[in-house]
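Asker: here is a sequence with its predicted model. Questions after.
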Amino acid sequence: MKVPHFDQATTEALVRNLVIPPRPALLDQLTALRGNPDMNLVKVADLIATDIGLSAAILKAANSPVFGSRRMITSVQQAVSLLGTRNIISLVSGLLLRLSLTAESPPVIEQFWERTMQEASIAAALCERLDSPADECQSFTLFRSCGIAVMLMRNGKYERTLRLIGQAKDRQISKIEQEFHNTSHDVVGYLVARAWNMPENFCQAILLQHNPELFAKSSAPLLDHDHMMMVAVARAAHYVWRTSTDHNGDSAWRERADEIISYLGMNTTEFDDWVDEMHDRMHSPD
């Protein structure tokens, strides 16, 4: 399966009335710094510190209980040191997107981003547990549902749809959204990621994340391994968040659990132990 081709007319129809902010210059500066062999903690921290909103978001991420830091992180330099310079540059793209889409927005969007921030922290913890590089995993976790924020701003009725898809199987999500809104948040998220010049495979991962064939061993891979892993990590992080905050749990998880846990290279017992550990961290009084 290939990514659907969006011709100019189709793209214009999809993005009409959508609020897609331009890619910030700060992200371009950080991306350039990432490719600089002389990049260091101080340079990254100094650049992040030029944006008050981004600095606050970075500190909030670093102080997440999921990271289990025993001390309060109070400076951008400490946050960069804790999270790692390369990881934090990947994280910044998602945080900037949040700041761009949350300005002057209804409370439901802020609540959505708070959830997404927690999922990004959980995703980073899972990457550490798997000894996999966290590069882009946090960024993908923040980006993968950005279409939801855009659609919430576009249409007040989407809040009802969001409640519906929250109880739906993964394979049903796009169908429900198409029925009520003639598009899906995966398609909108794909367009947002492209507008922000994210790598094409990254954009494809957003578009295909709910495809029921994505982790099926019987079919040809729809994405390369790194981006399949991003989807698996993000979906597992969502499961942890749902089961930690919603007494109804994650109704869609059972359908994909075996395939995703297997792709992560874990068995069910290992995964359940990790989930319990994350729940303990999230509810720790410290």
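Answerer: Happy to help now that I have it.
Asker: give me the most central residue, the protein.
Answerer: Centroid-nearest residue in the chain: residue 141, 1.6 Å away (criterion: Cα atoms, centre = their mean).
Asker: and the helices in the stretch 51-200 of the chain?
Answerer: Applying DSSP state H, counting those that start in this stretch to the stretch 51-200 of the chain gives helices spanning 52-62, 76-83, 85-102, 107-129, 137-143, 146-154, 158-165, 170-181, 185-195, 200-208.
Asker: most packed of the ones you listed?
Answerer: For the helices of the stretch 51-200 of the chain, the largest average neighbour count (mean count of other Cβ atoms under 10 Å) is found in helix 137-143, namely a mean of 27. (C-beta placed from N, C-alpha, C; glycine too.)
Asker: so for it, what's the average pLDDT?
Answerer: On average, the pLDDT along helix 137-143 is 86.
Asker: now do stretch 158-171
Answerer: The model assigns stretch 158-171 a mean pLDDT of 88.
Asker: run the chain-centre distance for it.
Answerer: When distances are taken as Cα atoms, centre = their mean, to the nearest Å, stretch 158-171 is centred 17 Å away from the chain's centroid.
Asker: by mean pLDDT, flag the weakest helix or strand of the protein.
Answerer: Sorting the helices and strands of the chain by mean pLDDT, DSSP states H and E puts helix 8-15 at the bottom, at a mean of 57.
Asker: you'd agree residue 261 is up against residue 269?
Answerer: No - the pair residue 261 / residue 269 is not scored as a contact, 10.1 Å apart, by Cβ atoms under 8 Å.
Asker: compare the two and say which is more crowded by neighbours.
Answerer: Legend: neighbour count by other Cβ atoms under 10 Å for residue 261 and residue 269, higher for residue 261 (19 against 8).
Asker: now the more buried one, nearest residue through space, not along the chain?
Answerer: Nearest non-adjacent residue to residue 261, counting by Cβ to Cβ, 6 or more residues apart in numbering: residue 271, 4.8 Å away.
Asker: swap in residue 197?
Answerer: The shortest distance from residue 197 to any non-neighbouring residue, by Cβ to Cβ, 6+ apart, is to residue 23 (5.9 Å).
Asker: wait, the one you found sits on residue 194?
Answerer: No - the pair residue 23 / residue 194 is not scored as a contact, 10.5 Å apart, by Cβ under 8 Å.
Asker: which element is residue 42 on?
Answerer: helix 41-48 (DSSP states H and E).
Asker: now tell me what touches that helix from outside.
Answerer: Residues outside helix 41-48 that contact it (Cβ atoms under 8 Å, 6 or more residues apart in numbering): 26, 29-30, 33, 36, 54-55, 58, 75-77, 79-81, 85, 88-89, 92.
Asker: please apply the same query to stretch 77-95.
Answerer: The list of residues contacting stretch 77-95 from outside it, by Cβ under 8 Å, 6+ apart, reads 26-27, 30-31, 33-34, 39-42, 44-45, 48, 54, 57-59, 61-62, 67, 69, 73, 120, 124, 134-143, 196, 198.
Asker: which ones are touching the residue nearest to residue 261?
Answerer: 236, 261, 264.
Asker: which of these lies closest to residue 203?
Answerer: Relative to residue 203, the closest of the contacts of residue 271 is residue 236; by Cβ to Cβ it sits at 21.2 Å.
Asker: the closest one reaches residue 264, doesn't it?
Answerer: Yes - if you go by Cβ under 8 Å, residue 236 and residue 264 touch, sitting 6.5 Å apart.
Asker: common neighbours of these two, please.
Answerer: Counting by Cβ under 8 Å, 6+ apart, the residues touching both residue 236 and residue 264 are 126, 271.
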